[in-house]
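Chemist: 3D, please:
(chains A and B, ligands or ions: 3)
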Amino acid sequence: MSKQRETELYRPGETLAVKVWRGNANGGGFHAYTVPSQESQTVLDVVTWIQQNAEPTLTYRFACRVGMCGSCAMMVNGEPRWTCRTHVKKVIGDKPLEIAPLRNLPVIKDLAADMAEFFDKWTAARGQFQPSQSRDDAMAAISPDEPRRAAANAAIECINCAVCYAACDTVAANPGYLGPAALNRAWTLQSDVRDDAFAERLDAVSAGGGCFNCHSHQSCMTYCPNELNPTASIAGLKRLSAFSYLTGGKSR
Amino acid sequence: MIGLRLYLAQRISALVMAPLVIGHIAVMIYAVQNGLSAVEILSRTQGSLWWGGFYGLFVAAVAVHAAIGVRAIIYETFGTHVRWLDPLTWTIGLGLFLLGGRAVAAVVL
Ligand code: SF4
Ligand code: SF4
Ligand code: FES
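Modeler: Ligands and ions are numbered 1, 2, ... in the order given. Reported below is the predicted structural model:
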């Protein structure tokens, strides 16, 4: 949206037309609200205003309000976003601002999606760090320039917000698919020299629901609020798995 | 649901197909430009091990490549139960191989 149009539509001091999805696993629909418009207002501010002033039973999730915790993601005008860092003036259009629970996940109530399957898939992708040494061993010395460390660094700032998971059409069409976040996490661990579950994790990410289901269409990367590139991480996993298979499991 | 082996089979069949597609297009342009009749084409292909091998390999690669691609499309479009995916993939692959093989046989034998 052009700057001029943005200011035309966004008028602090006036009001904002908002539609919020309310309901539960059995269904629901959009309810309309009028919210006072303020300077530097985020989508999370809008939801909070509604809950505090108009709809005390409105359910939603947030914690840090500064883009650290990853708990506030919702669909805003049909696109997944971290609502605490999404300014209303960036997403406002001609129609009422539409806020709904995250796509690709079951809803618990109103704007709170059920994250269980999202995190179960992290476990399925072996997203846990497996230490190769004990506390009695010396600290591993890893240079930041080491190529595998650099690969891990590029992917490690994930806040588990599930924005990418909601953006991925393959997740929508293929319920068994582990999804961008879990695979991105697995990639950071495959790039971690201290980790001791390389082979098991490679099996986990190359199985039926794993990295080979990704169609590389990059919605995850487009929407990731931390500007990570899960598509590249998944391509890395494809490469690792394929070479390891072709070379008899020795590639690392 | 695509695992490691299906992925590799699809990539390797794509590698095999790439030069064959170019060769096929070149042959088509040559045949059309020179106005070759069916009889003239058949006189070149019949009994030719080279053309039999060229198009035989092409058909095999297509059967593998397309069966895996269509498997993913069917699964993601219709949510077909995972149990049916392997039989479905084999049926599509063998079906394509038989259809293509028949066409190759028709021009080579
Ligand atoms: S690139 Fe892969 S993980 Fe990312 S949105 Fe596309 S299919 Fe999903
Ligand atoms: S990869 Fe990005 S979008 Fe996905 S969960 Fe992590 S921070 Fe969120
Ligand atoms: S509330 Fe923590 S990331 Fe938005």
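Chemist: buried set for stretch A:190-201?
Modeler: A:190-192, A:195, A:197-198, A:201 (16 or more other Cβ atoms under 10 Å in any protein chain shown). C-betas here are computed from N, CA, C, even on glycine.
Chemist: er, stretch A:40-58 actually
Modeler: Buried-residue list, stretch A:40-58, by 16+ other Cβ under 10 Å: A:41-51, A:55, A:58.
Chemist: do the same with stretch A:91-105
Modeler: For stretch A:91-105, the neighbour count (16+ other Cβ under 10 Å) marks A:91-92, A:96-105 as buried.
Chemist: Pull up the residues of chain B that are close to chain A.
Modeler: Neighbours of chain A within chain B, by Cβ under 8 Å from any Cβ of the partner chain: B:1-4, B:6-8, B:11, B:72, B:75-77, B:79, B:82.
Chemist: coming back round to it: among the buried residues of stretch A:40-58, name the ones that also lie close to ligand 2.
Modeler: By Cβ under 6 Å from any ligand atom, no member of the buried residues of stretch A:40-58 lies near ligand 2.
Chemist: Using CSV, lay out those together with secondary structure.
Modeler: Converted to CSV, those look like this (DSSP: H, G, I helix; E, B strand; the rest coil):
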residue, secondary structure
A:41, coil
A:42, strand
A:43, helix
A:44, helix
A:45, helix
A:46, helix
A:47, helix
A:48, helix
A:49, helix
A:50, helix
A:51, helix
A:55, coil
A:58, coil
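Chemist: between these, which is closest to residue A:164?
Modeler: Ranked by distance to residue A:164 (Cβ to Cβ), the buried residues of stretch A:40-58 are led by residue A:43 at 18.1 Å.
Chemist: Return the subset of the residues of chain B next to chain A lying in strands.
Modeler: Using DSSP state E, no member of the residues of chain B next to chain A sits in strands.
Chemist: Considering these, which possesses the most neighbours?
Modeler: Counting neighbours by other Cβ atoms under 10 Å in any protein chain shown, residue B:2 leads those with 25 neighbours.
Chemist: Tell me if residue A:35 really is in a strand.
Modeler: Yes: assessed with three-state DSSP, residue A:35 lies in a strand.
Chemist: Now the nearest residue to it once chain neighbours are set aside: which helix or strand?
Modeler: Excluding its sequence neighbours, the residue lying closest to residue A:35 (Cβ to Cβ, 6 or more residues apart in numbering or on different chains) is residue A:16, at 4.7 Å. Assessed by DSSP states H and E, residue A:16 sits inside strand A:15-24.
Chemist: can you give me the strands in the stretch 51-200 of chain A?
Modeler: According to DSSP state E, counting those that start in this stretch, the stretch 51-200 of chain A carries its strands in the segments A:73-76, A:79-82, A:97-100, A:107-109, A:112-113.
Chemist: looking at chain B, which helix or strand is least sure?
Modeler: Ranked by mean pLDDT, DSSP states H and E, the helix or strand of chain B with the weakest confidence is helix B:38-45, at a mean of 88.
Chemist: how far is that one from where the chain is centred?
Modeler: Distance of helix B:38-45 from its chain centroid, counting by Cα atoms, centre = their mean, to the nearest Å, is 21 Å.
Chemist: for that helix, packing partners?
Modeler: Contacting helix B:38-45 under the criterion 3 or more Cβ pairs under 8 Å, 6 or more residues apart in numbering or on different chains; DSSP states H and E are the following elements: helix B:49-78, helix B:82-108.
Chemist: now, which of the buried residues of stretch A:91-105 sits nearest residue A:158?
Modeler: Proximity of the buried residues of stretch A:91-105 to residue A:158 (Cβ to Cβ) peaks at residue A:102, which lies at 15.7 Å.
Chemist: residues contacting that closest one?
Modeler: By Cβ atoms under 8 Å, 6 or more residues apart in numbering or on different chains, the contact set of residue A:102 is A:73-75, A:80, A:113, A:162-163, A:165-166.
Chemist: and which of those residues is nearest to chain B?
Modeler: Ranked by distance to chain B (Cβ to the nearest Cβ), the contacts of residue A:102 are led by residue A:165 at 16.2 Å.
Chemist: Look at the residue lying closest to the closest one once chain neighbours are set aside and say how many residues are nearby.
Modeler: Leaving aside its chain neighbours, residue A:165 sits nearest to residue A:179 (4.7 Å; criterion: Cβ to Cβ, 6+ apart). Residues near residue A:179, counting by other Cβ under 10 Å, number 28.
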